[in-house]
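Student: dropping a prediction and its sequence here:
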Amino acid sequence: MMSYRKKQLLGFGVILFALMILLLVLAAMLDGVKQNLSEIMDERYDKVSRSTAFRTSFSYLDSEVGYLINENDPQQISSHLSEIERRIQSAYNHLSYLQLHIGKDGNLPMLGSIQQGLDRYMSVFEQIDQALDQGNTEAAATLFIEEAQSIRTNLLRNLGEYTTMQENRMQMAQKEADERFEHILIVSGISALAIILIGVLTAMWVIRGTSRSLRKIADRMDTFDPGAIEKMSRVTVDTDDEIGHIANGYNHMLDALEEHNRQSKAFNRHIEDNNWLQTKLNQLVVLYPQMTSQDELAQNFLSIVAPSVQACSGHFYIREKKNDQIRFVTVASYADTSSPSKRKRFLPGEGLIGQAAIDAREILLDFPEGNQEDLQVGSGTFHPRQLWIIPIEADERVEAVLELSSLQVFSPLHRQLIEQLRSTLGIALQSVSGRSEVERLLRESQLLAEELRRSSQYKSEFLANMSHELRTPLNSILILSQLIAENMEEESGESKEYADIIHRSGEDLLNIVNDVLDLSKVEAGMLDINREAFPLRDFPELIHYGFDTLAKQKNIEFDIKLSDDIPDFFYTDGKRLQQIVKNLLSNAFKFTATGKVSCILRSVQVSDIPCQMPISKIERSCIAITVEDTGIGIAEDKRELIFEAFRQADGSTERMYGGTGLGLSICRQFAKLLGGCMTLESIEGKGSSFTLYMPELPEGSGD
């Protein structure tokens with residue numbers, strides 16, 4: 001027979017062995033729970049916070065780019081650019097932190113996609129900035145709406161996936177911790193039952209009272225709640241044996257579980273508050289660009305913000321300057337019972353509204369519960385629990401004052417929302433005001449432009465009618481003067497000379513009428529352009545005719561050169577092209593007394609053209625025609641003047657050489673109609689060089 005002592009030792013040995021196994025299992029499980037808690041609080045929470053901060057910086061960056069496109073004030077543009085630079089730096093800092101602390105996630109490709117999206121967005125922003133520097137606001141807006149929109153959507157989607165992944169992994173870690181706690185509960189329960197069973201079986205062998213202690217532990221385990229946050233019942237054991245160790249381990253487990261549950265609840269609350277805050281901020285940021293007036297912006301702002309902060313009433317006061325006096329006027333209200341026709345006005349320093357405006361500092365008034373005293377403020381008389389007056393600033397100037405009253409105390413989250421909205425709201429008010437002013441100026445400019453275009457039409461119609469009226473008697477004069485000159489072969493030379501003078505004068509006057517008629521057609525938009533295949537190889541023959549005789553009469557050298565790379569045919573209006581070249585040659589011969597006049601035709605690349613063509617992008621072949629002379633030249637300050645209608649370099653030129661000054665004006669107008677442009681190089685006293693750059697007309701033009 002086994003002695004009592006051996007039975008006692010055996011019973012305690014079995015119990016001690018079971019307790020040791022249980023403690024090892026519980027320690028391992030608690031270590032796993034500790035790792036889960038570390039992952040949740042130290043890694044996942046930090047990454048979610050960083051990704052949220054990155055989203056905030058990017059959202060402000062995108063908003064500032066939108067404001068920059070619609071901004072005209074150089075000071076505001078500089079402010080927007082500074083803010084954009086700061087937001088860019090912040091976004092890249094948060095992204096770099098996430099890439100450096102990637103850990104065991106294996107989400108480097110996802111962060112790479114976010115990096116690529118941010119880089120692409122910055123590339124589009126550089127294009128927008130270049131377009132704005134060139135004054136092309138429309139191109140910048142198109143880039144922002146069409147290009148940046150898809151990039152912004154993809155980037156935010158990838159960021160959302162990354163944040164969701166971190167939150168899911170955090171939830172998974174929390175779930176694993178809960179499962180481990182359940183396993184601990186199960187293991188503890190099974191172990192307790194086993195220990196109780198052993199205790200019952202060895203109760204006759206070992207010291208009485210063991211079963212009582214085990215029953216106490218089992219009772220506590222039966223009331224165990226893994227989701228509890230409040231203090232749970234602990235196991236009280238006075239002995240310093242193995243059962244006491246189990247009780248202490250169980251109590252430590254309860255301590256860790258309670259702390260974990262408290263941290264999880266606080267973290268979830270923080271995430272919910274942050275999501276609510278970001279949702280409201282994004283809702284208002286998206287709303288700002290859609291507003292067309294400050295009144296509309298103020299009303300929509302109150303309609304969203306007032307219920308969000310649980311305000312019972314609210315008013316929005318806008319800065320207004322009238323008769324050199326600044327005052328703040330009600331433009332929007334929320335849950336106001338006063339008459340809509342009464343717009344309250346406050347001077348700086350007048351009442352709480354005026355005082356907040358002049359101090360540029362918010363006013364928060366608390367009223368004790370049960371207060372029955374009336375308070376006279378912008379919204380009238382009422383019994384609020386708390387009154388909040390917030391000045392809205394932009395560029396260190398109060399642009400508006402927001403008044404909110406509540407029947408309860410504004411929470412820290414409500415105050416955080418309003419604080420973050422103050423700066424963006426001031427900028428939005430300025431932006432809306434600027435857009436309204438731009439629209440007003442645009443309407444005025446459009447009206448002036450329309451008035452100018454009617455005026456121009458009347459002038460063109462008058463010139464056309466007068467030209468047609470003058471051509472009929474001029475043709476008669478030319479015919480009669482020619483007949484007189486032909487019939488005076490036998491008459492005195494003086495009479496014939498007079499007839500020749502009449503004929504030449506009539507021809508000159510007819511040329512003037514034709515030039516005026518061409519100009520009037522161009523201005524009226526009625527000059528027809530006919531696209532045809534013009535034979536460039538026949539160009540010398542077409543141009544030589546009519547100028548060889550003039551060159552011989554003035555004893556001037558005249559030649560035409562073609563480069564080898566010109567095509568056989570060039571699609572343009574051949575008649576207008578010849579008219580431009582002939583006008584340039586006539587101008588060259590007129591102002592050249594000795595020396596040489598030359599005409600050079602060559603092919604050119606679009607990138608080599610020094611002047612701006614009417615169309616921004618040309619992918620067709622181009623030619624250049626240069627007319628050079630060794631005439632009187634043109635002074636530098638008169639080079640642009642000579643292209644104006646009825647203008648020459650100076651009065652002495654007109655008296656000495658004659659002419660009306662219409663030739664070069666017609667050349668420039670025809671060049672624009674054909675899609676080309678002209679340049680001039682000249683040295684006074686040594687000669688001039690006019691170059692016509694001409695692209696091929698596209699198919700369908702002139703139809």
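Tutor: Here it is on my side, so go on.
Student: what average pLDDT does the host helix or strand of residue 273 get?
Tutor: Here residue 273, judged by DSSP states H and E, is contained in helix 242-287. Looking at helix 242-287 alone, the average pLDDT works out to 76.
Student: please apply the same query to stretch 331-342.
Tutor: 70.
Student: where's residue 564, which helix or strand?
Tutor: Using DSSP H and E, no helix or strand contains residue 564.
Student: how much space between it and residue 537?
Tutor: Residue 564 sits 11 Å away from residue 537, going by CB to CB, to the nearest Å. Quick note: C-beta positions are derived from backbone N, CA and C, even for glycine.
Student: what's the answer for residue 329, then?
Tutor: 77 Å.
Student: so which of those two has more stuff around it?
Tutor: Using other CB atoms under 10 Å as the criterion, residue 329 and residue 537 rank with residue 329 on top: 15 against 11.
Student: pretty sure the more buried one contacts residue 315?
Tutor: No: look at residue 329 against residue 315 with CB atoms under 8 Å: they stay out of range, at 10.5 Å.
Student: overlap in contacts, those two.
Tutor: Common neighbours of residue 329 and residue 315 are listed as residue 344 (criterion: CB atoms under 8 Å, 6 or more residues apart in numbering).
Student: what domains does the record give for this structure?
Tutor: 4-286, 293-410, 435-527, 529-695 (automatic domain parsing).
Student: in terms of mean pLDDT, which of those ranks lowest?
Tutor: When those are ranked by mean pLDDT, domain 435-527 comes last with a mean of 63.
Student: for the stretch 301-450 of the chain, what spans make up the strands?
Tutor: Assigned by DSSP state E, counting those that start in this stretch, the stretch 301-450 of the chain shows strands spanning 313-322, 325-334, 345-346, 363-366, 375-377, 380-382, 386-394, 397-406.
Student: got those as CSV, with distance to residue 268 columns?
Tutor: As requested, the strands of the stretch 301-450 of the chain are exported to CSV (distance: least, CB to CB, whole Å):
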stretch, distance to residue 268
strand 313-322, 31
strand 325-334, 31
strand 345-346, 44
strand 363-366, 29
strand 375-377, 38
strand 380-382, 37
strand 386-394, 28
strand 397-406, 26
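Student: for residue 269, find the nearest of these.
Tutor: Closest approach to residue 269 among the strands of the stretch 301-450 of the chain is made by strand 397-406 (21.4 Å; CB to CB).
Student: leaving out the residues flanking it, which one is nearest to residue 539?
Tutor: With CB to CB, 6 or more residues apart in numbering as the criterion, residue 539 has its nearest non-adjacent residue at 6.0 Å, and that residue is residue 601.
Student: partners of the helix or strand where that neighbour lies in the sheet?
Tutor: Element membership of residue 601 [criterion: DSSP H and E] is strand 596-604. Neighbouring strands of strand 596-604 in its sheet, by DSSP bridges, are strand 557-562 (parallel), strand 622-629 (antiparallel).
Student: got the CA positions of it in PDB?
Tutor: The C-alpha trace of strand 596-604 is given here as PDB (Å, rounded to 0.1, in the frame of the first residue of the first chain):
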ATOM      1  CA  LYS A 596      19.800  94.700-106.500                       C
ATOM      2  CA  VAL A 597      16.500  93.100-105.700                       C
ATOM      3  CA  SER A 598      16.300  89.400-105.200                       C
ATOM      4  CA  CYS A 599      13.700  86.800-104.400                       C
ATOM      5  CA  ILE A 600      14.700  83.500-102.700                       C
ATOM      6  CA  LEU A 601      12.300  80.500-102.200                       C
ATOM      7  CA  ARG A 602      13.300  77.600 -99.900                       C
ATOM      8  CA  SER A 603      11.800  74.800 -97.700                       C
ATOM      9  CA  VAL A 604      11.900  75.300 -93.900                       C
END
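Student: next, the residues that contact that strand from outside, please.
Tutor: For strand 596-604, using CB under 8 Å, 6+ apart, the contacting residues are 536, 539, 543, 551, 556-563, 565-567, 581, 585, 588-589, 621-630, 693.
Student: give me the pLDDT value at the nearest residue to residue 620 once chain neighbours are set aside.
Tutor: The spatial neighbour of residue 620 that comes closest, neighbours along the chain excluded (CB to CB, 6+ apart), is residue 696 at 4.4 Å. Listed pLDDT for residue 696 reads 90.
Student: gap between residue 696 and residue 256?
Tutor: 83 Å.
Student: for these two, indicate the residue with more neighbours.
Tutor: residue 696 (20 against 15).
Student: and the more buried one, what is it in contact with?
Tutor: 570, 571, 572, 620, 621, 622.
Student: greatest separation within those: which pair is it?
Tutor: Top of the distance list for the contacts of residue 696 (CB to CB): 571 and 622, 11.7 Å.
Student: which stretches of the stretch 501-650 of the chain form helices?
Tutor: 539-544, 548-554, 574-590 (DSSP state H, counting those that start in this stretch).
Student: reformat those as CSV; add mean neighbour count.
Tutor: CSV is the format used below for the helices of the stretch 501-650 of the chain (neighbours: other CB atoms under 10 Å):
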stretch, mean neighbour count
helix 539-544, 16
helix 548-554, 13
helix 574-590, 20
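Student: ok, which of those comes nearest residue 25?
Tutor: Closest to residue 25 of the helices of the stretch 501-650 of the chain is helix 574-590 (CB to CB; 98.2 Å).
Student: quick one: contacts of the closest one?
Tutor: Contacts of helix 574-590 (CB under 8 Å, 6+ apart): 529-530, 532, 534, 542-543, 546-547, 550-551, 554, 556, 597, 599, 625, 627-629, 631, 657-659, 663-664, 666-667, 670-671, 673-674, 688, 690, 692, 694.
Student: just so I know, which of the strands paired with strand 596-604 lies nearest residue 293?
Tutor: strand 622-629 (49.2 Å).
Student: the host helix or strand of residue 84 versus strand 386-394: what angle between them?
Tutor: Assigned by DSSP H and E, residue 84 falls within helix 74-100. Relative orientation of helix 74-100 and strand 386-394, computed by axes from the mean of the first three to the mean of the last three CA atoms, to 10 degrees: 110 degrees.
Student: give me the buried positions along helix 74-100.
Tutor: 76, 79-81, 83-84, 87-88, 90-92, 94-95, 98 (16 or more other CB atoms under 10 Å).
Student: now, which of those sits nearest residue 684?
Tutor: residue 81 (45.8 Å).
Student: ok, now which ones touch that closest one?
Tutor: So residue 81 contacts residue 68 (CB under 8 Å, 6+ apart).
Student: gap between it and residue 303?
Tutor: The value you get for residue 81 to residue 303, if CB to CB is used, is 32 Å.
Student: swap in residue 547?
Tutor: 78 Å.
Student: do residue 108 as well
Tutor: Taken as CB to CB, the span from residue 108 to residue 303 is 44 Å.
Student: what's around residue 245, how many residues?
Tutor: 17.
Student: quick check: it touching residue 23?
Tutor: Yes: taking contacts as CB under 8 Å, residue 245 lies within contact range of residue 23: 6.7 Å.
Student: what's residue 101 sitting at in phi/psi?
Tutor: phi -110, psi 50 (degrees, to the nearest 10).
Student: tell me, how many residues neighbour it?
Tutor: Residue 101: 12 neighbours (other CB under 10 Å).
Student: also residue 349?
Tutor: There are 12 residues near residue 349, going by other CB under 10 Å.
Student: got a list of what it touches?
Tutor: Counted by CB under 8 Å, 6+ apart, residue 349 has contacts 355, 357, 358.
Student: show me the residues you listed that map onto helices.
Tutor: 355, 357, 358 (DSSP state H).
Student: what sits closest to the last one if chain neighbours are left out?
Tutor: Among residues not flanking residue 358 along the chain, residue 348 sits closest, at 4.3 Å (CB to CB, 6+ apart).
Student: would you mind measuring from that neighbour to residue 74?
Tutor: 28 Å.
Student: same check on residue 285?
Tutor: 24 Å.
Student: also residue 179?
Tutor: 62 Å.
Student: repeat for residue 551
Tutor: 57 Å.
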